[in-house]
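Student: The following comprises the amino acid sequence and a computationally predicted model.
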Amino acid sequence: MKNKPAIKDQAVEFLEMVISGHIDEAYTKFVDMQGKHHNVYFQAGFPLLKQAMIENHTQFPVKKFTVKNVLEDGDLVAVHSRIVLKPDESEMTTVHIFRFTGGKITEMWDIGQEIPPDSPNQDGPF
């Protein structure tokens, strides 16, 4: 019997697929389209967030994405990562939080912060 991947691995794979432009496939494989997201910049519903991700990929097709930390607690997964939208642009630190139900993402939160190049904190965001 094949072991099912941990939901933290599914969350990371979802993000990696989205970043690389395989958005339709990522949503088909991992998202319950009846679920909800909490991104304050887009209207409710995963279909609209998916469309925004497609538009973002069109605008920034060579994004760089590096996972720094992944935490799993019950049905919740948090992924802390570094994103660079295009070369020579400021980095961002992001946290995506996912709720899984029945092997699918049913709820998602995302928080991002630009990392100022002159940040006084020498420890940095990672």
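Tutor: Arrived safely.
Student: And what about residue 50, helix, strand or coil?
Tutor: helix (DSSP: H, G, I helix; E, B strand; the rest coil).
Student: Need the pLDDT of residue 42.
Tutor: Here, the pLDDT recorded for residue 42 equals 91.
Student: wait, is it part of a helix?
Tutor: No: according to three-state DSSP, residue 42 belongs to no helix; its state is coil.
Student: Could you find the closest non-adjacent residue to it?
Tutor: Counting by Cβ to Cβ, 6 or more residues apart in numbering, residue 42 lies nearest to residue 52, which is 5.0 Å off, once chain neighbours are set aside. From N, CA and C alone the C-beta is placed, and that goes for glycine too.
Student: From residue 8, how far out is that neighbour?
Tutor: Using Cβ to Cβ, to the nearest Å, one gets 24 Å for the distance from residue 52 to residue 8.
Student: quick one: which of those two has more around it?
Tutor: More neighbours surround residue 8 than the other of residue 52 and residue 8, with 19 against 16 (other Cβ atoms under 10 Å).
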